[in-house]
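Colleague: Pasting the sequence and the predicted model now:
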Amino acid sequence: MRIRSKRWGRLRSPVPQVEALPSRLLLSVDPAMAQRLLDAGFEKIEWKGHETYAEPGQWVASFRHVSGSREQQVAETAAKLAKAAPRAGLRVARQLGGDGTFRIDTSAATKFKNVRSALARIRGFDFVEPNFAVWAQATIPDDPDFGAQYGLNNTGQTSVYGTTGLPDADIDAPEAWDLTTGAGAAPGDDVVVGLIDTGVDYNHPELKNSMWVNPFEIAGNGIDDDENGFVDDVHGADFADLDGDPMDDHDHGTHVAGILAAAANDGVGTAGLAWHAKIMALRFLSADGFGGVDFAVQAMNYAMDMKSRGVNIRLTNNSWGGADFSEAMDAAIRRSADMGMLFIAAAGNGERLPDGSGPFGVNIDDPDKAFYPAGHDAPNVISVAATDSRDALASFSNYGAAGVDLAAPGVAVLSTIRAGKYNYFSGTSMATPLVSGVAALAFALKPDATWQEVHDAIFAGVDKLPGLAGKMVTGGRLNAFNTLRRLLPPAVVGRHVFYNNSAFDGRSTAANARDDNAVAADKAALLPGQGPATFANYTSYSKGINGVMLDVRNLPEGDLTADDFALNLGTDSDLLAAWQPALPPTSVTVRRDAGADGSDRVTLTFADGAIKNTWLRVTVLPNEHTGLTTADTFYFGNAVGETGDSPNNAAVTALDLSAVRSHLFASGQSVSSPFDLDRDGRVSALDLVVTYRARNGTALPLITLPDP
């Protein structure tokens, strides 16, 4: 039975079986990689109609209704196997950390159909599959020179390859760090990331303080204190050599770890993205960069075991992959979702052509070029492509409108390697830890966030790029700041007004970009020398208010109405209790992502003259429509020195000075007069002084709030 995946369109089978499919070569295993796999001891096999590579004589099998300690599970399953198939030559080699999941060893000549036939005699048999080959996903240049980390903050610097970067083709890390650098709320609360890779040089000066420390293990006593099968697994575990020392002997894992969590703000080396995240090193790839899926499954189960014990591990980083779907890996990924964890994976580095050129990215939506584990359709998987310093998809990066989710910088990335050194690597392996780092920052910013919330924030926060449209789910490149902002509670972050009968577009009832331009021009006029403002609570009495713009961060979906606001009119001489309700706005519109920093812009438009010779108090009410938990109240009032007597002008000019002079000591003036600028109940020479000072460049102050 073949089932088409809902998300990726992959072919997957719940029970392994031989299928009559057209013979094909998985081109993601190019000739050069094929030779490397053979040299590493893997064998070429036929699997479901195509050629692939696996550990000879090794199989991954799963049985239902198996429990107990590792030793008990191995002994029980071995006894059942000996009874059901005594002559099959099958041996239960190891339990892979999850109940009922084992590596089964046979002779190299044993066929799949014979293995499956023998295992199927055991009650509770679920599936068996070859122990597929997987490998690290990095293209490693020879140039050891240091350089800037453009992926975090691109100023247009020249890369090690001589390419001039595109300013802001980055993930906005400095802006994200203004929100959080990833510190936990209390000691021990830092986010832990499971780094499933070649291990980590945990003695590197930039990483030694970023390593997770197993709270259940006593270092150096030679005892398996936490009884998980690994002695002295202080910083993680080694599943390739079955011990508690995940020291890197390749460089790949150390490089990935540095991108994610190298020490920052310490005046040396590079800066990791998540300054306070802790790395749980889960070594399963050997010194040559290869490994079996059985070790990867065991690494996942180790991480989930620690999660069940209370370790704050929220995600795993998976900068590796291979050409084959694994039932065992799929099950492990789905269990991690059930435990609240993200699974972030490299989309792969494509294939080399027969002439040796490349690698060149391929479309992994094509079943002939599938790539796993990034291609698993479990909902917690995030598949990551790579971009360069000019926001272009890297030539080597895989892509897929359904199978790849987003991209991150992954070309000529400077990070840590073994022995306290640094180097530049390229690959989707280097892009993946940036996404993992953002996820770690997100969980630190909002500790109670679910993986679904962080997943959705990462997707919604991307910078859309034309070159990525149609090549991945989001069509965008990772943006750390946008991701974190989407996890903040709803809030009003900008307040603006526009005027009746002014030169601005506020005269129109339509809310559009021309209104935005009007507000920007208005701020420049009313706040000389102060640059752009996010809070503008001033207007002219005589001009009056034609509209109010509010920038609301993370406004819930749906429309707003006048009922979501309380609007009152009065002056600073009135008690607040005396302020009267304003006429409702003629329209309330919401334009998504049109406000400051990607917030939503809400525009309330009033009839011309409805709000004039008065101040306006606006209260955004807390409810399910606005998303606010407390009311947000602010005032729009008079700009000191601005009389409104200068048509089509919101700046203080000689015409305002003349207007005040012509109304000196006029009868019938009051604090509602646009010419009584010092609010003393009369128009006098003191008002001339106010206007004169404003006209000569003194910054215009905001209003003073009225007494309660």
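Modeller: Received, thanks.
Colleague: what separates residue 149 from residue 256, distance-wise?
Modeller: Taking CB to CB, to the nearest Å as the measure, residue 149 falls 14 Å from residue 256. The C-beta positions use only the backbone N, C-alpha and C, and glycine is treated the same way.
Colleague: next one: residue 307
Modeller: For residue 307, the distance to residue 256 - CB to CB - is 21 Å.
Colleague: ok, these two, which is more surrounded?
Modeller: residue 256 (35 against 18; other CB atoms under 10 Å).
Colleague: which phi and psi does the more buried one have?
Modeller: Residue 256 adopts backbone torsions of phi -60, psi -40, taken as degrees, to the nearest 10.
Colleague: I figured it was touching residue 317, is that so?
Modeller: Yes: using CB atoms under 8 Å, residue 256 is in contact with residue 317, at 6.6 Å.
Colleague: what sits in contact with each of those two?
Modeller: Applying CB atoms under 8 Å, 6 or more residues apart in numbering, one finds that residue 256 and residue 317 are jointly contacted by 195, 197, 432, 433.
Colleague: Now, those that are in helices?
Modeller: Taking DSSP state H as the definition of helices, the shared contacts of residue 256 and residue 317 contribute 432, 433.
Colleague: Turn the shared contacts of residue 256 and residue 317 into JSON lines, including distance to residue 417 and pLDDT.
Modeller: Below are the shared contacts of residue 256 and residue 317 laid out as JSON lines (distance: CB to CB, whole Å; pLDDT from 0 to 100):
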{"residue": "195", "distance to residue 417": "15", "pLDDT": "98"}
{"residue": "197", "distance to residue 417": "13", "pLDDT": "96"}
{"residue": "432", "distance to residue 417": "17", "pLDDT": "98"}
{"residue": "433", "distance to residue 417": "14", "pLDDT": "98"}
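Colleague: ok, how many other residues are close to the closest residue in space to residue 371 that isn't next to it in sequence?
Modeller: With sequence-adjacent residues excluded and distances taken as CB to CB, 6 or more residues apart in numbering, residue 371 is closest to residue 348, at 4.0 Å. By the criterion of other CB under 10 Å, residue 348 has 36 neighbours.
Colleague: how far away is residue 348 from residue 373?
Modeller: Counting by CB to CB, the gap from residue 348 to residue 373 is 10 Å.
Colleague: so how far is the longest strand seen in the chain from its chain's centroid?
Modeller: The single longest strand within the chain, with elements called by DSSP state E, is strand 50-63. In terms of CA atoms, centre = their mean, to the nearest Å, the centre of strand 50-63 is set 34 Å apart from its chain centre.
Colleague: That one pairs with which strands?
Modeller: Take DSSP bridges as the rule and strand 50-63 pairs in its sheet with strand 24-25 (parallel), strand 43-47 (antiparallel), strand 101-105 (antiparallel), strand 125-136 (antiparallel).
Colleague: Output those as a markdown table; include the columns mean neighbour count and mean pLDDT.
Modeller: Formatted as a markdown table, the strands paired with strand 50-63 follow (neighbours: other CB atoms under 10 Å; pLDDT from 0 to 100):
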| stretch | mean neighbour count | mean pLDDT |
| --- | --- | --- |
| strand 24-25 | 13 | 26 |
| strand 43-47 | 16 | 85 |
| strand 101-105 | 24 | 92 |
| strand 125-136 | 24 | 84 |
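Colleague: these two touch, right, residue 476 and residue 460?
Modeller: No: at 9.5 Å, residue 476 does not count as touching residue 460 under the criterion of CB under 8 Å.
Colleague: who's more crowded, those two?
Modeller: residue 476 (22 against 16).
Colleague: Tell me the bridge partners for the more buried one.
Modeller: Beta-bridge partners, per DSSP bridges, of residue 476: residue 464.
Colleague: Now for it: which residues touch it?
Modeller: 406, 407, 462, 463, 464, 465, 468.
Colleague: Report the two of the residues you listed separated the most.
Modeller: Farthest pair in these (CB to CB) is 407 and 464. Separation: 11.2 Å.
Colleague: of those two, who's got more company?
Modeller: The neighbour count for residue 407 versus residue 464, taken as other CB under 10 Å, is higher for residue 407 (34 against 11).
Colleague: re earlier: what subset of the shared contacts of residue 256 and residue 317 is buried?
Modeller: 195, 197, 432, 433 (16 or more other CB atoms under 10 Å).
Colleague: Now render those residues as a markdown table, adding distance to residue 208.
Modeller: What follows is these, written out as a markdown table (distance: CB to CB, whole Å):
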| residue | distance to residue 208 |
| --- | --- |
| 195 | 15 |
| 197 | 17 |
| 432 | 23 |
| 433 | 18 |
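Colleague: Convert the longest strand of the chain to CSV, retaining C-alpha atoms only.
Modeller: Extracted as CSV, the C-alpha positions of strand 50-63 are listed here (Å, rounded to 0.1, in the frame of the first residue of the first chain):
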residue,chain,number,x,y,z
HIS,A,50,15.8,2.5,-6.9
GLU,A,51,19.4,2.4,-5.9
THR,A,52,20.5,3.7,-2.5
TYR,A,53,23.1,3.1,0.2
ALA,A,54,22.9,1.4,3.6
GLU,A,55,25.0,-0.3,6.3
PRO,A,56,25.5,-3.9,5.1
GLY,A,57,23.7,-6.5,7.3
GLN,A,58,22.0,-3.8,9.5
TRP,A,59,18.3,-3.2,9.8
VAL,A,60,16.0,-0.9,11.9
ALA,A,61,12.9,-2.7,13.2
SER,A,62,10.0,-1.6,15.3
PHE,A,63,7.6,-3.7,17.5
